[in-house]
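>>> no sequence on hand, only this structure:
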């Protein structure tokens, strides 16, 4: 099976997480708005939980995810195994 990507968009008012094929097709995404008052640890837990939910609902596992590194201005994000 072709590896898929998982994108996380953490903003001030919303948190969107989606699974995307290598060709750019959005497989599924979830957006929540209740992360603003959570601690950093709680936000990470929410992100992990949503990723696991997306994988499960699509019959996928962590091993189906592409591991890559993206660099943004003033921030580096590295994909890694979920805790």
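That came through, no problem. What you see is a predicted model; the values in this text were computed from it and never measured. Numbers count the residues shown, from 1 in each chain.

>>> distance from the chain centre to stretch 47-54, please.
With Cα atoms, centre = their mean, to the nearest Å as the basis, the distance from the averaged C-alpha position of stretch 47-54 to the chain average is 7 Å.

>>> buried residues in that stretch?
Burial within stretch 47-54, assessed by neighbour count using 16 or more other Cβ atoms under 10 Å, is assigned to 47, 50-51, 54. C-beta coordinates here come from the backbone N, C-alpha and C atoms, glycine included.

>>> between the residues you listed, which is nearest residue 63?
Within the buried residues of stretch 47-54, the smallest distance to residue 63 is 13.2 Å, found for residue 51 (Cβ to Cβ).

>>> for that closest one, phi and psi?
Comment: the main-chain dihedrals of residue 51 come out as phi -60, psi -50, following degrees, to the nearest 10.

>>> and for residue 23?
Dihedral angles for residue 23 - degrees, to the nearest 10 - are phi -90, psi 0.

>>> same question for residue 6.
Backbone geometry at residue 6, expressed as degrees, to the nearest 10, gives phi -120, psi 120.

>>> how much space between it and residue 51?
Distance check for residue 6 against residue 51: by Cβ to Cβ, to the nearest Å, it reads 6 Å.

>>> give me the common contacts of the two.
Any residue near both residue 6 and residue 51 by Cβ atoms under 8 Å, 6 or more residues apart in numbering counts here, and that gives residue 17.

>>> now the strands for this structure?
Under the criterion DSSP state E, the chain contains strands at 5-10, 15-20, 26-32, 69-72, 75-78.

>>> returning to that earlier point: just give me the closest of the buried residues of stretch 47-54 to residue 20.
Nearest to residue 20 among the buried residues of stretch 47-54: residue 54, at 10.6 Å, using Cβ to Cβ.

>>> alright, I will stop here.
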